[in-house]
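**Student:** Turn this into a model:
(2 chains)
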Protein chains: 2
Amino acid sequence: MVTATTADSSAPAHIQAYLAAVDDLFNMELRSEPAQVQQLVNRVARFRGKMLRPSLVLLAGLACQESPRPLGRAHVVLATVVEMSHVATLVHDDVLDNAQIRRRGVTINHLHGNEAAVLLGDLLISHAFYLCSSLESQTASRLIGRTTNIVCEGELLQNFRRRDWNLDESAYFDIIYRKTASLIETACRLGAQESTRDVTMIDALARYGRHIGTAFQIIDDVLDITGQPATVGKSLGTDIDKGKLTLPMIHFLATAAQTHRELLIGLLESPEENRVEKVRQLLIPSASIAYARRRARELVDEAMETIRILPDSPARATLLDMARFITAREL
Amino acid sequence: MVTATTADSSAPAHIQAYLAAVDDLFNMELRSEPAQVQQLVNRVARFRGKMLRPSLVLLAGLACQESPRPLGRAHVVLATVVEMSHVATLVHDDVLDNAQIRRRGVTINHLHGNEAAVLLGDLLISHAFYLCSSLESQTASRLIGRTTNIVCEGELLQNFRRRDWNLDESAYFDIIYRKTASLIETACRLGAQESTRDVTMIDALARYGRHIGTAFQIIDDVLDITGQPATVGKSLGTDIDKGKLTLPMIHFLATAAQTHRELLIGLLESPEENRVEKVRQLLIPSASIAYARRRARELVDEAMETIRILPDSPARATLLDMARFITAREL
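**Tutor:** Numbering: from 1, shown residues only, chains lettered A, B, ... in the order given. Alright, predicted model coming up:
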């Protein structure tokens, strides 16, 4: 059993101690001899807000047990590896987006420059693989490696298709599966397969992860349009600014009157300073925001349905709550 | 035994077929479904010039055999993993350096932008770990992970100490061990330990790798000052431009007359366009270039001495030749 020194009071009681152990392991693994590197690493701790992905590893692990027992070190290691991989992508994303704010703090790139941010992201992903290879079997390393391949391809695809106003729903869903849902799916799969060999249960949890991961990204994209920077706590309007079409915009371009369609593209292509604000004003009252939210809700319903085959447990209840929370968040 | 479809005529005969297999595996592993990602990956093939690191994996493997026999798939996999890790650092280095030319070709960042280059570097390192975790044991994954941790720390340290005119030799050697020599050391160690359990032989090869790796970086830094862009085939003067002190500059600052010292720092800090050329003109005739070359030669001598304990073999002869070549290169 894992002992813990600190606890996150907002986490469900049955995984609090494990999340604290993840926190400790994250910091211990990243301890760095050069003092300046250590300072940079310390700053990245600020980014670890919700701990969604490590929570999913742990909850999937608990939900798949045949009889309740404490999780072992492998689950904590896997949860930490997934979190490190995720934080690495956040650091590089902020470089790509020129983002200045993340979790109400100044981003690494804004504070230390793009160069340090690129290198810090590299350091995090390297540490993720290093830690993962401390496990006895290669299975998790292989799955994490395959997933980060997919995440990188998704980010590259998204980058290539910026300012492509013909991007359709199917291409959008392919991109967000790769860049976001794939790692959340893997978090669930890793946690599950460390607890059971029952393929039906493992696949159910992986499917749950894929669906809530996709819904999560849709809502993130909606909030990039509808959110208030003060409440969301990170740079907003970056999709509009960077010419990345998201579900509400794709729906708007496919369904709105020709004049509105031309107005949106004109604004997206315009060099004027307040174009981001104008795009938001055009989209917020439209049916396209409601459409995107509905699509996310459908995915959440499907995710919840999927794990109803699991035995009833506090972990399964929490997984159901987490799914519900995804479409409920307005911030 | 590994079969190969193409061969690099400049490689030593006894590893030509293996290097061709590395080439094939590199391309096969990076095959990417999205066509635009595949195009970007194809461009990166241009960067794989000397194949120094995979050659070292293979030669170390051959040099440590008790009796001559063909290398197996593991050596080819390890050589490919090391090459992928190296190419990833090249792609990110070019972003950090704003470099425009690499191996006589336009860099990824210059052609496709920094964003695609950051993501392509991430994709390469992810594929390196994915491929490495296809091996039966975690030993290589763990060593590769530890090494890439060290490489990232070295790059971060170098970045932090830019424009620090008090950087001394010991800090310089620490940085170049981390950012360059550590991966070359690991290439040799991986190749050796896949062939033998004799720790003396493995350590000798690792030491050889560390020494030639350090010498290699010293010569690279000398050529950044003395080389001609047309013959070296990559952007030059970037250390001067980026305020990175290298061995010739550190020696110059420690030994030249006060007026010369002030002149160099003044130029390094100057915003004027032709300051890089002026620094080169100041350093090239100085004793500091000769000093740096001598330090590199001493390391090469030590590296050669180290592997004389190995049984005589064509592979050992090639390793000795490769060490000699490092300080001989003028381009």
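
**Student:** and residue A:49, that one's in a helix?
**Tutor:** No: using DSSP: H, G, I helix; E, B strand; the rest coil, the assignment for residue A:49 is coil, not a helix.

**Student:** Check what pLDDT it gets.
**Tutor:** Looking at residue A:49, its pLDDT reads 71.

**Student:** And it, how far from chain B?
**Tutor:** For residue A:49, the distance to chain B equals 22 Å [C-beta to the nearest C-beta, to the nearest Å]. (C-beta placed from N, C-alpha, C; glycine too.)

**Student:** Apart from its chain neighbours, what residue comes closest to residue A:319?
**Tutor:** residue A:59 (5.3 Å; C-beta to C-beta, 6 or more residues apart in numbering or on different chains).

**Student:** State the next helix or strand along the chain beyond the strand or helix carrying the one you found.
**Tutor:** Counting by DSSP states H and E, the element that carries residue A:59 is helix A:52-63. Heading C-terminal from helix A:52-63, the first helix or strand you meet, by DSSP H and E, is helix A:73-97.

**Student:** For residue A:113, the count of nearby residues, please.
**Tutor:** Residue A:113 sits with 13 neighbouring residues when counted by other C-beta atoms under 10 Å in any protein chain shown.

**Student:** which residues of chain A score low on pLDDT?
**Tutor:** A:1-11, A:46-47, A:97-104, A:106, A:110-111, A:229-235, A:330-331 (pLDDT under 70).

**Student:** at 80 instead, please
**Tutor:** Scanning chain A for pLDDT under 80 picks out A:1-13, A:45-49, A:94-113, A:228-236, A:329-331.

**Student:** what's the single longest helix in it?
**Tutor:** Counting residues, the longest helix in chain A under DSSP state H turns out to be helix A:199-226.

**Student:** ok, residue A:165 - contacts?
**Tutor:** Residue A:165 sits next to A:245, A:253, A:265, A:268 when contact means C-beta atoms under 8 Å, 6 or more residues apart in numbering or on different chains.

**Student:** Repeat the analysis, applying 7 Å as the threshold.
**Tutor:** Listed by C-beta atoms under 7 Å, 6 or more residues apart in numbering or on different chains, the contact partners of residue A:165 are A:245, A:253, A:265.

**Student:** Buried subset of the residues you listed, written for PyMOL?
**Tutor:** Restricted to buried positions by 16 or more other C-beta atoms under 10 Å in any protein chain shown, the PyMOL selection for the contacts of residue A:165 reads:
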select buried, chain A and resi 245+253
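
**Student:** next helix or strand past the helix or strand hosting residue A:172?
**Tutor:** Element membership for residue A:172, per DSSP H and E: helix A:169-176. Next along the chain after helix A:169-176, taking DSSP H and E as the criterion, comes helix A:182-193.

**Student:** Report all helices and strands that that following helix contacts.
**Tutor:** For helix A:182-193, the elements it packs on are helix A:52-63, helix A:73-97, helix A:139-160, helix A:199-226, judged by 3 or more C-beta pairs under 7 Å, 6 or more residues apart in numbering or on different chains; DSSP states H and E.
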